[in-house]
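J.: Below: sequence and its predicted model.
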Amino acid sequence: MTDLFQEPDDATPLEPHEREGLLQTWITHRSDLNEAEQENIVEGATWARGRRRLPLEQMLTEDFMRTLHKRMFGDVWRWAGTFRMTERNIGAQAYRIGMELTSLLGDTRYWIEHETFPPEEIAIRFHHRLVGIHPFPNGNGRHARLAADLLIQRLGGEPFSWGGGSLADVGELRARYVAALRAADNYDIGPLLEFARN
């Protein structure tokens, strides 16, 4: 029996038709999938960091968010960069994803232009809302963390440490991250800001 599609309790499971989008036939266990995704994410991050001269206005677009996800997961999943079409236990209703993302990107541009929050808080609020929208079938947290890192760098800061470990592993670190996200759901951004920098 394979553990390929066994997700942590706090992760969003893939629908059967989404599982069929797996591109690599050698992936038969969860550890294989984690390895393949991690290699692809590194490639996606390298691509994204090579876009330093891309104007902030172009980075804060639906097209860039989709392309970033595709670059992070496109070697592993056929649906990478495509908004999910099914409902989940979290996230915006599937038909509202485009509208919610457009709203978030517009709000983020406003926060930057009007210095509504300090730069780190802008990036963390952006991250929190992007995770909350949950636009893709999978990889939303990893995508949102990289997007927030890119944003804070554009705003003159350093990438976040995100607790200083791998959030792909189930354990205390991931539990702290999820608890910080839940606190932000209840309008307390402090724990997520602290987690991102520790």
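T.: Ah, there it is. Numbers count the residues shown, from 1 in each chain.
J.: in the chain, which spans are helices?
T.: Taking DSSP state H as the criterion, the chain contains helices spanning 16-19, 30-49, 56-59, 62-73, 97-114, 119-133, 140-154, 172-185, 190-197.
J.: and Arg78, what is it in contact with?
T.: Arg78 makes contacts with 21-23, as judged by Cβ atoms under 8 Å, 6 or more residues apart in numbering. No exception for glycine: its C-beta is placed from N, CA and C like everyone else's.
J.: just the residues you listed now: which is nearest Tyr110?
T.: Closest approach between those and Tyr110, by Cβ to Cβ: Gly21, at 35.3 Å.
J.: what about that closest one, how many neighbours?
T.: Applying other Cβ atoms under 10 Å, we find 17 other residues in the vicinity of Gly21.
J.: The residue nearest to it when sequence neighbours are not counted and Val131: what is the separation?
T.: Closest residue to Gly21 apart from its sequence neighbours, by Cβ to Cβ, 6 or more residues apart in numbering: Arg78 at 3.8 Å. The gap separating Arg78 from Val131 is 23 Å, by Cβ to Cβ, to the nearest Å.
J.: do the same with Arg142
T.: Look at Arg142 and Val131: by Cβ to Cβ, they are 10 Å apart.
J.: What of Asp75?
T.: Here the criterion is Cβ to Cβ. By it, Asp75 lies 23 Å from Val131.
J.: Neighbour count: those two, which is higher?
T.: Val131 (24 against 17).
J.: so the more buried one touches Leu181, yeah?
T.: Yes: taking contacts as Cβ atoms under 8 Å, Val131 lies within contact range of Leu181: 6.3 Å.
J.: Kindly state the pLDDT recorded for Leu54?
T.: On pLDDT, Leu54 comes in at 89.
J.: Now do the same contact list for it.
T.: Leu54 sits next to Phe64 when contact means Cβ under 8 Å, 6+ apart.
J.: And Ala196, by the same measure?
T.: So Ala196 contacts 120, 124, 127, 148, 160-163 (Cβ under 8 Å, 6+ apart).
J.: Let me have those in a markdown table, extended by pLDDT.
T.: Shown next, in a markdown table, are the contacts of Ala196 (pLDDT from 0 to 100):
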| residue | pLDDT |
| --- | --- |
| Glu120 | 98 |
| Ile124 | 98 |
| His127 | 98 |
| Ala148 | 98 |
| Phe160 | 96 |
| Ser161 | 95 |
| Trp162 | 93 |
| Gly163 | 87 |
